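Chemist: Next come a sequence and a model predicted from it.
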Amino acid sequence: AQKITQTQPGMFVQEKEAVTLDCTYDTSDQSYGLFWYKQPSSGEMIFLIYQGSYDEQNATEGRYSLNFQKARKSANLVISASQLGDSAMYFCATAGNQFYFGTGTSLTVIP
Amino acid sequence: SQTIHQWPATLVQPVGSPLSLECTVEGTSNPNLYWYRQAAGRGLQLLFYSVGIGQISSEVPQNLSASRPQDRQFILSSKKLLLSDSGFYLCAWSVFLAGEQYFGPGTRLTVT
């Protein structure tokens, strides 16, 4: 069975600074995907970024980048130049044979 | 472009009453469909997923059931709600089972 661990229940970052949200995973699948989602207070889950287990380059989408270290089984999300609208819950997820979500990290951006 | 709809947005139901939540997807064919539940302050729990019409996989034993009567329609049901069924219910779709999922706006269910 797969498992996702997000060890930071809450994080604070100053506006315009960069922040890293941690995610480690445990899987026996040879091929899998790693995802990050944002959930603002409205409740909708917004897909941010995807990394395939065979991708050699770290994924990047605008201000979001995924720091993928396969040997360490980590897939940390880096948000550059934080904005007030980035305040939300962030969930890491993995999909191989099944889809698993972590418990989330609450990010608060301070003006 | 693809769109996913869920209704109702909020629902308050008494214990023992039935439940029917509906999810529809537009702009794609033969999507994989998913139902999740999120308890307050918690992560997402996968309840059901479907790879095609009439094909339902259940992830956890529970008081709920799911059906897929049409290609782009996914329904979550219960015959008798329990207090523990309260939560935020999210429907999602994906092209591939191991691919990114796109979520609907969710239904907040309160069982009283």
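Modeler: Noted; the coordinates are in hand.
Chemist: which residues touch the closest residue to chain A within chain B?
Modeler: For chain B and chain A, the shortest gap (Cβ to the nearest Cβ) falls at B:Phe103, measuring 3.9 Å. Bear in mind the C-beta positions are built from the backbone N, C-alpha and C, glycine included. Shown in contact with B:Phe103 (Cβ atoms under 8 Å, 6 or more residues apart in numbering or on different chains): A:37, A:44-47, B:4, B:90-92.
Chemist: do the same with B:Phe88
Modeler: A:43, B:37-40, B:106-109.
Chemist: just the residues you listed: which has the poorest pLDDT?
Modeler: The member of the contacts of B:Phe88 with the lowest pLDDT is B:Ala40, at 79.
Chemist: could you pull out the strands for chain B?
Modeler: B:3-7, B:10-13, B:19-26, B:32-38, B:44-52, B:55-58, B:65-70, B:73-78, B:87-94, B:102-103, B:107-111 (DSSP state E).
Chemist: again with chain A
Modeler: Under DSSP E, chain A gives strands at A:3-5, A:10-14, A:19-21, A:24-26, A:33-39, A:46-52, A:60-61, A:64-69, A:74-79, A:88-95, A:99-101, A:105-110.
Chemist: Rebuild the ones you listed as JSON lines, extending it with mean neighbour count and mean pLDDT.
Modeler: Converted to JSON lines, those look like this (neighbours: other Cβ atoms under 10 Å in any protein chain shown; pLDDT from 0 to 100):
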{"stretch": "strand A:3-5", "mean neighbour count": "16", "mean pLDDT": "90"}
{"stretch": "strand A:10-14", "mean neighbour count": "13", "mean pLDDT": "96"}
{"stretch": "strand A:19-21", "mean neighbour count": "19", "mean pLDDT": "98"}
{"stretch": "strand A:24-26", "mean neighbour count": "17", "mean pLDDT": "94"}
{"stretch": "strand A:33-39", "mean neighbour count": "24", "mean pLDDT": "95"}
{"stretch": "strand A:46-52", "mean neighbour count": "18", "mean pLDDT": "94"}
{"stretch": "strand A:60-61", "mean neighbour count": "12", "mean pLDDT": "94"}
{"stretch": "strand A:64-69", "mean neighbour count": "18", "mean pLDDT": "96"}
{"stretch": "strand A:74-79", "mean neighbour count": "22", "mean pLDDT": "97"}
{"stretch": "strand A:88-95", "mean neighbour count": "24", "mean pLDDT": "94"}
{"stretch": "strand A:99-101", "mean neighbour count": "22", "mean pLDDT": "85"}
{"stretch": "strand A:105-110", "mean neighbour count": "17", "mean pLDDT": "97"}
